[in-house]
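attaching a predicted model along with its sequence, questions to come.
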Amino acid sequence: MATTTKTSSAKKPAAETAKTTTKAPAKTASKTPAPAATKAPAKSKAAAGSVDLSTKPTGKTGKMEDSEFHEFFVDELKDIYWAEKHLAKALPKFKKAATSPELAAAFEKHTEETKRHIETLDKVFELLEEKAQAKKCDAMEGLLEEADSIIEDTDSGTLVRDAGLILAAQKVEHYEIATYGTLRVFAENMGHTEVVELLSQTLEEEKATDVALTQIAEGFVNQQAASE
Ligand SMILES: [Fe+2]
Ligand SMILES: [Fe+2]
């Protein structure tokens with residue numbers, strides 16, 4: 001959070017300088033953004049530990065095993081690995097709880113996709129020459145507990161149940177989108193091209209799932225739930 005705040009506040013003056021200047025300030029404008037851009041990643045302790053992110057690592061996998069940033073990256077992969085594995089077990093429960101066949105079908109489809117996401121992460125660990133290991137993801141655990149509560153608090157056979165399930169599932173998808181979006185950028189920073197490609201494929205499926213859930217909600221679920 002501190003990094004984001006600092007980065008955005010550091011950028012503002014640069015943009016303002018560029019706007020208010022005429023000829024000579026071109027120098028200021030070109031000088032000011034440069035340090036802001038290079039400093040941003042170095043502000044995190046992990047990034048600083050990687051020494052030089054602009055240097056592409058050597059080796060067939062581009063592994064930077066000695067870097068703190070690499071360790072952090074792998075740790076976060078283990079976290080989402082745990083999250084995907086638990087989601088794969090939870091989605092069939094979502095499907096069973098759903099009222100409308102459309103929502104049940106969406107959960108079934110995403111169960112299969114989620115199983116592929118796990119396999120994709122297996123490949124990512126392999127490419128990085130790291131052990132595929134799950135590390136408890138507190139966020140996913142909480143999101144799935146919330147989904148359980150929604151099922152408990154709503155009556156089966158109602159569209160209110162479906163509206164609640166969509167809410168729970170979209171929170172999960174947004175969590176995954178945030179995670180894969182960030183991990184993909186980390187992989188880019190470290191020069192892991194194949195990993196970037198794999199994480200991007202998963203990210204696109206998470207986004208598509210989120211859109212599909214919105215369509216079901218806006219298509220009929222919310223309206224019918226309101227009239228129950
Ligand atoms: Fe996933
Ligand atoms: Fe997902």
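Happy to help now that I have it. Ligands and ions are numbered 1, 2, ... in the order given.

list the contacts of the spatially closest residue to residue 157 that is not a sequence neighbour.
Excluding the flanking residues, the one nearest residue 157 by C-beta to C-beta, 6 or more residues apart in numbering is residue 99, at 5.5 Å. Glycine gets a C-beta too; all of them are placed from N, C-alpha and C. Residue 99 is in contact with 156, 157, 158, 159, 161, 162, counting by C-beta atoms under 8 Å, 6 or more residues apart in numbering.

where's residue 96, which helix or strand?
helix 68-97 (DSSP states H and E).

now residue 204
Taking DSSP H and E as the criterion, residue 204 maps to helix 193-216.

same question for residue 122.
Element membership for residue 122, per DSSP H and E: helix 101-127.

picking up where we left off before, how much space separates the residue nearest to residue 157 from residue 209?
Distance, residue 99 to residue 209, by C-beta to C-beta, to the nearest Å: 19 Å.

re the thing from before, pull the distance from the helix holding residue 204 to the chain's centre.
With C-alpha atoms, centre = their mean, to the nearest Å as the basis, helix 193-216 stands 9 Å off its chain's centre.

tell me the helices and strands packed up against that helix.
In terms of contacts (3 or more C-beta pairs under 8 Å, 6 or more residues apart in numbering; DSSP states H and E), helix 193-216 is packed against helix 101-127, helix 159-189.

buried ones in the very next helix or strand once past the first one, by neighbour count?
Read it as helix 101-127. Beyond helix 101-127 on the C-terminal side, the first helix or strand identified by DSSP H and E is helix 138-153. Neighbour-count burial for helix 138-153, counted by 16 or more other C-beta atoms under 10 Å, picks out 140, 143, 144, 147, 150, 151.

thank you, goodbye.
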